[in-house]
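Visitor: Output the structure for:
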Amino acid sequence: MEFSRIKDYIPREVYEVLENSGIRTLRPCQEKAIGAGLLQGKNILVCTPTASGKTLVAELAALHAIQHQKGKAVYIVPLKSLASEKHKEFKKKYGHLAKIALSIGDLDTADPYLHTYDLIICTSEKLDSLIRHHTPWLKEVACVIVDEIHLLNDASRGPTLEIILTILKKIVPCAQIVGLSATIGNEQELAQWLGAHLVHDTWRPVELHKGVYCEGKIDFVNECEK
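Guide: Residues are numbered from 1 along each chain as shown. Okay, the predicted model is just below:
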């Protein structure tokens, strides 16, 4: 799908940023997500390979909510380093359109200054802390992005992520939830639990070849054996 086809459905300033960044066509998962109601506030679970365009799906959802003054957006990531990376990337890209904050610090603080920000990037542990501190601005959240949502199955981090999603669905039941993952074994069940439309696609920018490396030689799996 040509990117220009959704020009009238996203904020003009966001369209200009993305167009200037070189986007001309939408990748399969992006087109499917939009078709599933991404820009209408529907919950979406995107399960596609690495580098297939999942981040843009999240950006469109978050900026759509912010620019249309529906409320704040929260971007949940599993690692502090990834949170810092996303904050730097989004601030450079959208800093003139929204106030973007990074919240990965002391788990014993409520970070009251965050109420003035539009997009808050944080880890699940930090968001859990904010919820426990009864942070008032959480009721203003209109969009929740969950990166690496397959970590719900992780023994150490899964319970925290499951709890905060459960609580957020009660605090802001109308908030849009967008889950992103490259690998989920029970995607249908997870989509049902989230009340989300499942977007599954196998397209990847670089074709994946499987093979066995031995003594300096790679024997690739024959296409007919796949």
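
Visitor: What pLDDT does the model give the residue lying closest to Arg24 once chain neighbours are set aside?
Guide: Closest residue to Arg24 in three dimensions, ignoring its sequence neighbours and counting by CB to CB, 6 or more residues apart in numbering: Phe3, at 5.6 Å. Quick note: C-beta positions are derived from backbone N, CA and C, even for glycine. We have a pLDDT of 95 for Phe3.

Visitor: List the residues that contact Phe3.
Guide: Each residue near Phe3 by CB atoms under 8 Å, 6 or more residues apart in numbering is listed here: Leu18, Glu19, Ile23, Arg24, Thr25, Leu26.

Visitor: Need phi/psi at the fourth one.
Guide: Taking degrees, to the nearest 10, you get phi -120, psi -30 for the backbone angles of Arg24.

Visitor: Let me know whether it touches Met1 as I believe.
Guide: No. Look at Arg24 against Met1 with CB atoms under 8 Å: they stay out of range, at 10.5 Å.

Visitor: Neighbour count for these two, which is higher?
Guide: Ranked by neighbour count (other CB atoms under 10 Å), Arg24 and Met1 place Met1 first, with 14 against 9.

Visitor: Hmm, that one is touching Leu26, no?
Guide: Yes. In this structure, Met1 is within contact of Leu26 by CB under 8 Å, at 4.6 Å.

Visitor: what do those two both touch?
Guide: Common contacts of Met1 and Leu26 (CB under 8 Å, 6+ apart): Ile34.

Visitor: Direction included, what does the lowest-mean-pLDDT helix or strand in the chain pair up with?
Guide: The helix or strand of the chain with the poorest confidence is strand 217-220; it has a mean of 86 (mean pLDDT, DSSP states H and E). According to DSSP bridges, strand 217-220 forms sheet pairs with strand 211-214 (antiparallel).

Visitor: Restricting the selection to alpha carbons, write the partner strand to PDB.
Guide: In PDB, the C-alpha atoms belonging to strand 211-214 read as follows (Å, rounded to 0.1, in the frame of the first residue of the first chain):
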ATOM      1  CA  GLY A 211      21.700 -23.900   7.100                       C
ATOM      2  CA  VAL A 212      24.300 -25.900   9.100                       C
ATOM      3  CA  TYR A 213      27.900 -24.600   9.500                       C
ATOM      4  CA  CYS A 214      30.700 -27.100   9.700                       C
END
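
Visitor: State the number of residues packed around Leu107.
Guide: 13.

Visitor: For it, which non-adjacent residue is spatially closest?
Guide: In space, and not counting its chain neighbours, Leu107 is closest to Ser129: 4.2 Å by CB to CB, 6+ apart.

Visitor: Tell me if that neighbour really is in a strand.
Guide: No. Ser129 is assigned helix when assessed by DSSP: H, G, I helix; E, B strand; the rest coil, not a strand.

Visitor: Would you quantify the distance from it to Pro78?
Guide: According to CB to CB, to the nearest Å, Ser129 and Pro78 sit 15 Å apart.

Visitor: again with Leu102
Guide: For Leu102, the distance to Pro78 equals 15 Å [CB to CB].

Visitor: Strands of the chain, start to end?
Guide: 44-47, 72-77, 100-103, 119-123, 141-147, 176-181, 197-200, 211-214, 217-220 (DSSP state E).
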